[in-house]
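Asks: one predicted model, sequence on top.
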Amino acid sequence: MFDTIQTVEFQGITYDASHGSPFDRGSADSYYGRAQDPHKYPEGTYKGTRIELEPGTSAFEAYMAGYEYNQESGERKQYD
């Protein structure tokens, strides 16, 4: 099985938006109304070890961009 890398361009930068990537986790946290908690799952969402991201790293910046990307979109999980 081959993993497909998904990308998203936001504010002139192309980010890896594959499941578990920092950008994906940031956008998911925003979508579900969670606070910012920079992290990633290198093996895919909720697979393997969760890694906390340190400020100043490109992974941290990708998480923050994902969060902002979703905030700007206005997409939110509707809990009925």
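Replies: That came through, no problem. Because the structure is a prediction, the values reported are computed rather than measured.
Asks: strands along the protein, start to end?
Replies: In the chain, the strands defined using DSSP state E lie at 7-10, 13-16, 39-40, 51-52.
Asks: kindly present the ones you listed as CSV, with separate columns for mean pLDDT, distance to A59 and mean neighbour count.
Replies: To be clear about C-beta, it is placed using only N, CA and C from the backbone, and glycine gets the same treatment. Putting these into CSV (pLDDT from 0 to 100; distance: least, Cβ to Cβ, whole Å; neighbours: other Cβ atoms under 10 Å) gives the following:
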stretch, mean pLDDT, distance to A59, mean neighbour count
strand 7-10, 96, 15, 14
strand 13-16, 97, 10, 15
strand 39-40, 96, 6, 20
strand 51-52, 97, 8, 12
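Asks: so what does the lengthiest helix in the chain touch, helix or strand wise?
Replies: Taking DSSP state H as the criterion, the chain has its longest helix at helix 58-73. Helix 58-73 sits against strand 7-10, strand 13-16, helix 22-31, strand 39-40, with contacts defined as 3 or more Cβ pairs under 8 Å, 6 or more residues apart in numbering; DSSP states H and E.
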